[in-house]
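Asker: Pasting the sequence and the predicted coordinates here, then a few questions.
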Amino acid sequence: MKTRGVFKRGGVYWIRYADPTGKIVRESARTRNINEALKLLAKRKAEIAEGKFPEKLVIKNHTFSELCDRYSEWACIQKCFNRSKLYIIKELKERFGSLILRRFTTQLVEQFQVDLIKQGLKPATINRKLACLKHMFTKAQQWDMVEEEVLKRIRKVKFLKENNRRLRYLSVEEIQRLLSCCDRHLYPIVFTALNTGMRKDEILSLRWSNVDLKNGYIHIEKTKNSERRDIPMNDALLSLFRKLFTERKIDVDYVFVNPLTNTRYYDVKRSFNHALRKADIKDFHFHDLRHTFASQLVMNGVDLTTVKELLGHKDIKMTLRYSHLAPEHKSRAVSCLSRIFSTSKKVSDTKTDTVTNF
């Protein structure tokens, strides 16, 4: 039997009522006992009637700009923080900055998607911005900056369908051209990407404390999947890292350091694009170096399970996108049967001979 103003979510009772401003408030009663939830509901109604409603429960008219500032501070201290997220937050702030959070609607966000499409942005890029916006509102609701109803409106906006079939990778000749066109600071960064399959942020935030030069391993603590990944270094990469280690600044722990600022790089987009133009390589992004690493491994006979482990994929489905690059693995898989049927044929011939002799 349903009780007005009380509902259950995740095994815990919640209460629903209108605050002094007329806004619907949903508050967890933090109990599994319906009678205790009813008591809290009665208490809240009495407080409203007497003008003693707790001020902290009244959601104020926070702006999106306020949310951006608070979310940025929160994001920067997270273990798996990606600095590129700050650029998305900045863009969202420029678009929605002064807007009151409770005035966000499904239509408003969908129009934002339409505008981005008109700008020529790809579905994957637009989806990253939408994912960031949705998570910001999830945190806003947790921080009591906005009502749950507003969060529901944002969540109704659907992600665009992405074309995940794109798989751009470099040929051996293109790899040589690109490396020859990289300037002195970019070369070791690109070389590392091509030999490890590491993501850009993993490379740029790499510290010497996570590099084992003795055993030839790179240990990545902060990964996209929140799981530690150990990557072996081949002889060429190990030689490069030993050279970088001898040239390092003693007081800087980062592997790749900007010589002008003595701090880590946060992006190399400008120099990377310059190298691509110089090498006459089109339709290529830094992340495609990761695809190149995996593709070259597969084309050189490395099995997909090993490639999956090196890339740090949680699901083999992600790695299967490279399977078409090694059609010979299918031939090898069925070739083992030829021995069986070859043996079977000999047995059959023997049986036939035996029957004929009679």
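Answerer: That came through fine.
Asker: Hmm, Phe241 is touching Leu213, no?
Answerer: Yes. At 6.3 Å, Phe241 counts as touching Leu213 under the criterion of Cβ atoms under 8 Å. In this view, the C-beta of every residue, glycine as well, is placed from N, C-alpha and C.
Asker: In terms of packing, which of the two has more residues around it?
Answerer: Remark: of Phe241 and Leu213, Phe241 carries more neighbours, 22 against 14, as counted by other Cβ atoms under 10 Å.
Asker: what separates that one from Leu206, distance-wise?
Answerer: From Phe241 across to Leu206, the span is 10 Å (Cβ to Cβ, to the nearest Å).
Asker: Give me the common contacts of those two.
Answerer: Common contact partners of Phe241 and Leu206 (Cβ atoms under 8 Å, 6 or more residues apart in numbering): Val255.
Asker: you'd agree Gln107 is in a strand?
Answerer: No. Assigned with DSSP: H, G, I helix; E, B strand; the rest coil, Gln107 falls outside any strand and is helix.
Asker: ok now do Phe284, which residues does it touch?
Answerer: Contact analysis of Phe284 by Cβ under 8 Å, 6+ apart lists Arg168, Leu170, Leu276.
Asker: between those residues, which is nearest Met233?
Answerer: Leu170 (20.2 Å; Cβ to Cβ).
Asker: thinking the closest one is in contact with Ile281, fair?
Answerer: Yes. Taking Cβ under 8 Å as the definition, Leu170 is a contact partner of Ile281 at 7.2 Å.
Asker: Which one's more surrounded, those two?
Answerer: Leu170 (22 against 17).
Asker: Quick check: the more buried one is in a strand.
Answerer: No. Counting by three-state DSSP, one finds Leu170 to be coil, located in no strand.
Asker: ok, and the closest non-adjacent residue to it?
Answerer: Counting by Cβ to Cβ, 6 or more residues apart in numbering, Leu170 lies nearest to Thr292, which is 4.6 Å off, once chain neighbours are set aside.
Asker: isn't that neighbour right up against Leu194?
Answerer: Yes. Thr292 is within contact range of Leu194, at 6.1 Å (criterion: Cβ under 8 Å).
Asker: joint contacts of the two?
Answerer: Going by Cβ under 8 Å, 6+ apart, residues that sit against Thr292 and also against Leu194 are Ile175.
Asker: Those two: which is more packed in?
Answerer: Thr292 (23 against 20).
Asker: so that one, which of the three states?
Answerer: Here Thr292 is helix, with the state taken from three-state DSSP.
Asker: At which residues are the strands of this protein located?
Answerer: Assigned by DSSP state E, the chain shows strands spanning 6-9, 12-18, 24-28, 211-212, 217-220, 229-232, 257-258, 263-264.
Asker: Let me know which of those is the nearest to Glu36.
Answerer: Across these, closest to Glu36 is strand 12-18 (Cβ to Cβ), at 7.6 Å.
Asker: Against which helices or strands is that closest one packed?
Answerer: Counting contacts by 3 or more Cβ pairs under 8 Å, 6 or more residues apart in numbering; DSSP states H and E, strand 12-18 is packed against strand 6-9, strand 24-28, helix 34-49.
Asker: Nearest to Val150, out of those?
Answerer: When those are compared by Cβ to Cβ, strand 24-28 sits nearest Val150, at 11.1 Å.
Asker: Partner strands of the closest one and their direction?
Answerer: strand 12-18 (antiparallel) (DSSP bridges).
Asker: Could I get the buried residue list for the partner strand?
Answerer: For strand 12-18, a neighbour-count test (16 or more other Cβ atoms under 10 Å) marks Tyr13, Trp14, Ile15, Tyr17 as buried.
Asker: picking up where we left off before, rank the strands of the chain by mean pLDDT and give me the bottom one.
Answerer: Note on those: lowest mean pLDDT is at strand 24-28, with a mean of 79.
Asker: Centre of the chain to that strand, how far?
Answerer: Put simply, strand 24-28 sits 32 Å off its chain's centre (Cα atoms, centre = their mean, to the nearest Å).
Asker: Pull the residues that contact it.
Answerer: For strand 24-28, contacts defined as Cβ under 8 Å, 6+ apart pick out 9, 12-19, 40, 44, 57, 59, 147-149.
Asker: what angle sits between it and helix 34-49?
Answerer: 140 degrees (axes from the mean of the first three to the mean of the last three Cα atoms, to 10 degrees).
Asker: How many residues are close by Phe112?
Answerer: When neighbours are counted by other Cβ under 10 Å, Phe112 comes out with 18.
Asker: again, but for Gln111
Answerer: Gln111 has 11 nearby residues by other Cβ under 10 Å.
Asker: quick one on the thing from earlier: let me have the buried residues of strand 12-18 in CSV, extended by distance to Ile24.
Answerer: Listed next are the buried residues of strand 12-18 as CSV, based on distance: Cβ to Cβ, whole Å:
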residue, distance to Ile24
Tyr13, 17
Trp14, 12
Ile15, 11
Tyr17, 8
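Asker: Identify the residues contacting Ile126.
Answerer: The contact partners of Ile126, by Cβ under 8 Å, 6+ apart, come to Gln113, Leu116, Ile117, Leu160.
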